[in-house]
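>>> Okay, sequence plus prediction incoming.
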Amino acid sequence: MLSRLPSHPRQIATNSKNAKSFIHSRSHLFGIRGHVLRNAQTLRVFSTESSQPTSEKPDVQFVSLSQPKVHEPSKVDWKKFSLCLIEKGTAEFRSRVKEVLKNDLYNKQRLRNITTEEQRQLTNKQLQHYAQNKCISVQQLIENPLLFFASHELAALANPSLGSKMTIQFNLWGGSLLKLGTEEHKNTYVSGVDELRWRGSFALTELGYGSNVVKLETTATYEESTDSFIINTPSPQAQKYWITNGARFANICIVFAQLHIEEKNHGIHAFVVPLRNEDGSVAEGVQLFDIGDKFGLDGIDAARMIFNNVRVPRVNLLNRFSQVEAGGAFTSSIAKERDRFLKVADQLLTGRLCIVTSCLAGTKACLVAAIKYSIGRLGVGPTGESDTPIINNAFQLKTLVTLLARTYAFVLAANYCKEFYTSVSLDPASHTAEDSQRLVTLICALKAMVSWHTSETGNICRERTGGLGFLLENLFADTVAAAHGAMTAEGDNVVLMQKVTKDRITDFGRKMTMSKYLRFKFNNFFQSDPLDQFSRSIETLPVFLVRRENNLLLSLSTALSNARSKDKALKKNGEEMYNVWTKECAGDIQRHGKAYAERVAIEVMNQQYHAFKSAESGQTHANAELLSKLGVIFGLDCIERDLGFYVSQKILTPQEGRLVSSLIEKHCFDIKDKLNELVDAFDIPDYLLGAPIAGDWMSYYSAASKQ
């Protein structure tokens, strides 16, 4: 059973009045029915619902309202600290894969000064070697997805293009076969996925349909006389676009098309379509074009595809959920067309988690390089000499440590999400439809937040390492380019955040009654919490992130409800709703999606903090206290990034707003002497890091200058 993520943060107040108000203001947003028992020092919360389903009775949370005791400095158990940053049960597998990646084939500097075609060939060889050494398998998706995600992180560390190529081959191509195919399809194709006999691609998006793919135009028309489907591209905008692996290596493809039988359209379905013959020539009726040079990820090829009445046998329909009998009779276990589409595109969800994992690999590498360089690089000190590490500069320190804390938060949140996904995937009978929807929402939010964070981290680390960071060999450019690909792949980030907010508003409306609404509104708009007292611990700080999220959720729900009523009164066809969604509230929709992701992340950090605290003996909780510091830095950084909102909505006073930056700096200096160990906890070997500035850069560049 997975550890449970609380639906609201562990609450702290400095007096019983604040404590009671805090509980009332948060207990109804997520449908929590809580009973509050309080006295002057202790608050108990009995929760009957949580954001993570469990058969166990909810634990009673005892939260001290008094200030935490200050202990003598104690030793951090760095092994345990490092283990909390990886998926449960993957340590041995990770060690074995790292041994494979010692092969010179994965030397990062081999990617320098070679042509695009040479990069593609090298990445292809890496994929073959990685698969042959059983570092990745499509079967991991149905046996232990945590290994699948761990494999993607390590591959992306070695070469971001390798991680992307793996996602196509083993998740979108191979995973779709497992999820959508019958035993006949699995027997025909699945063994060839791992052996790379069947090199697949995934043809969903079209030139005219990137986000709104439910309206794609490619057709699959059943022909009764030949008992086959005719795959056709009816217009230029219907050509399949950005199909990774399709231009150069794929010999087969899953094509998504509108299924037509006689005059009826049954919606989007998935079909197995050969792209190339055994001799490598392009199959009859198929046109493949290289999409051209990209912003980055040159080790993968991408295609645009045109199908000119390509005939495939009826059995090539992936028909686990929808069947077409000989003669054309159509049946489906899923009644609605849109639901059928969501099911056939389901593997995109796993792909988004692969993207999260791969992006975090690059983020960690950037921080290791930038922080180690900042510790070793000397700048101007008090005497005017270059004798002081640049990490001592408050701006340098705050800039890098806030990114580090944010990375820790997203790593822990991603691991929670991957474990939740594994539980739902391997034991669906134990989970409800609401659980599955909650998982979808969380994955969409993390994919957007993490890819944005990776881009920001790569850019800032490059800048903070000066001229040496501008060199390709120090790898920041690779991370930034991969992050830009991640922002668009498997769903544009802005579109995904719209989905996150829509899901949250729907859940809010479903659970909210009028009495709950009035209480919720009163407590969220008329309560204040003192920043100086609530910003001292990860147990107390989440109150501010919760208030921001609740405030946005309430205001958006109200605006949309008013628009819906106006549409109904004026007999408009959703015009007011559309205007509110795309114009009046577009910014707050994005802000809410980010607020939701950050709130979940700090709650997961809080959960890990308590796990450390309960596991550490005696009165010295070194691991817990260090994680609490990171959590406070993360929480304060979230506030500072949206400070205008906090002050304008009177969650913080202007005076408190001016304190936020100095509070962050104070906490950053508190952990400055542990920065080297904090990045070492990412456990990235030098041969996978590959950035000269992370090591003895002075000797490296001194030797280079003599060549």
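Alright, I've got the coordinates.

>>> Look up which helix or strand the most centrally placed residue in the chain falls in, please.
The centre of the chain sits closest to Lys447, judged by CA atoms, centre = their mean, with a distance of 2.8 Å. Following DSSP states H and E, the helix or strand that holds Lys447 is helix 433-464.

>>> next one: Gly379
Element membership for Gly379 (DSSP H and E) is strand 378-380.

>>> do the same with Tyr646
Element membership for Tyr646, per DSSP H and E: helix 643-648.

>>> With Thr388 instead?
strand 386-389.

>>> What is that strand packed up against?
helix 347-376, strand 378-380 (3 or more CB pairs under 8 Å, 6 or more residues apart in numbering; DSSP states H and E). For the C-beta atoms, the positions are set from N, CA and C on the backbone; glycine is no exception.

>>> Worst mean pLDDT among these?
Note on the helices and strands packed on strand 386-389: strand 378-380 shows the lowest mean pLDDT, a mean of 92.

>>> tell me which residues of that strand are tucked away?
By 16 or more other CB atoms under 10 Å, the buried positions in strand 378-380 come out as Gly379.

>>> So what are the sheet partners of that strand and their directions?
Strand pairing for strand 378-380, determined by DSSP bridges: strand 386-389 (antiparallel).

>>> which residues touch the closest residue to Ser333 other than its chain neighbours?
When the adjacent residues along the chain are set aside, Ser333 lies closest to Phe321, with 5.3 Å between them (CB to CB, 6 or more residues apart in numbering). With contact set as CB atoms under 8 Å, 6 or more residues apart in numbering, Phe321 has these partners: Leu180, Ser332, Ser333, Ile334, Arg340, Lys343, Val344.

>>> The second one contacts Arg340, correct?
Spelled out, it's Ser332. Yes. Contact criterion CB atoms under 8 Å: Ser332 and Arg340 qualify, at 6.3 Å.

>>> Overlap in contacts, those two.
His266, Phe321, Ser322.

>>> Just give me the closest of those residues to Trp581.
Taking CB to CB as the measure, Trp581 sits nearest to His266 out of those, at 29.3 Å.

>>> Could I get the buried residue list for the strand holding Thr388?
Pro389.

>>> Give the rounded mean pLDDT of the helix holding Lys447.
In the prediction, helix 433-464 has an average pLDDT of 96.

>>> What is the distance between it and the centre of its chain?
4 Å (CA atoms, centre = their mean, to the nearest Å).

>>> do stretch 379-392 as well
Counting by CA atoms, centre = their mean, stretch 379-392 comes out at 39 Å from the chain centroid.

>>> Start and end of it, how far apart?
9 Å (CA to CA, to the nearest Å).

>>> what does it rub up against?
Ile371, Ser374, Ile375, Gly376, Arg377, Leu378, Asn393, Gln396, Leu397, Leu400, Lys672, Leu675.

>>> ditto for stretch 695-704
Stretch 695-704 is contacted from outside by Lys372, Tyr373, Gly376, Leu468, Asp686, Pro692, using CB under 8 Å, 6+ apart.
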